[in-house]
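Q: just coords:
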């Protein structure tokens with residue numbers, strides 16, 4: 001049994017949510033599909049395709065460089081306000097979200113940027129996943145040619 005299924009099952013039991021079969025839940029990588037691409041020489045776009053019946057918390061996103069530097073100025077769009085049983089009043093994303101992350105000149109020199117993305121989401125059936133850490137790589141070979149005017 002993977003750790004996220006165990007954590008989800010424990011959380012569901014702790015809040016007395018109706019019985020949920022962990023086998024019916026999507027793996028987090030399938031529930032929250034991530035992709036990344038360079039928009040221009042200074043910005044990358046992270047895109048999440050969120051499965052029907054699932055959502056991501058806006059305030060649970062964190063971004064770090066490969067060197068461990070926190071990126072605090074990512075542009076997250078407004079989400080839909082939700083009264084959440086786990087976290088109270090919060091903003092969430094459903095279906096799709098696009099987040100803009102700034103790139104540094106050092107990334108352009110290296111022609112790439114490895115980025116750690118931390119996110120957390122839930123299923124509508126009342127089960128939340130533990131925070132997910134994913135590494136993505138932004139390739140910048142053509143980014144300098146796509147600079148915004």
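A: Cool, got the structure. The model shown is predicted, which means the values in this text are computed figures rather than measured ones. Numbering: from 1, shown residues only.

Q: ok, residue 120 - how many residues close by?
A: 19 (other CB atoms under 10 Å). Where C-beta positions appear, they are placed from N, C-alpha and C, glycine not excepted.

Q: ok, so what distance separates it from residue 48?
A: Distance, residue 120 to residue 48, by CB to CB, to the nearest Å: 12 Å.

Q: what pLDDT does the one residue sitting closest to the centre of the chain get?
A: Closest to where the C-alpha atoms of the chain average out (CA atoms, centre = their mean) is residue 119, at 4.0 Å. pLDDT for residue 119: 97.

Q: now the helices for the chain?
A: 3-14, 28-31, 105-110 (DSSP state H).

Q: Would you single out the least confident of those?
A: Of all the helices of the chain, mean pLDDT reaches its minimum on helix 3-14 (a mean of 46).

Q: For residue 141, the count of nearby residues, please.
A: Residues near residue 141, counting by other CB under 10 Å: 9.

Q: Find the residue closest to it in space, skipping its chain neighbours.
A: residue 111 (5.8 Å; CB to CB, 6 or more residues apart in numbering).

Q: Over to residue 43?
A: Using CB to CB, 6+ apart, the nearest residue to residue 43 is residue 100, at 5.3 Å.

Q: Quick one: neighbours of that neighbour, just the number.
A: Neighbour count of residue 100, defined by other CB under 10 Å: 15.
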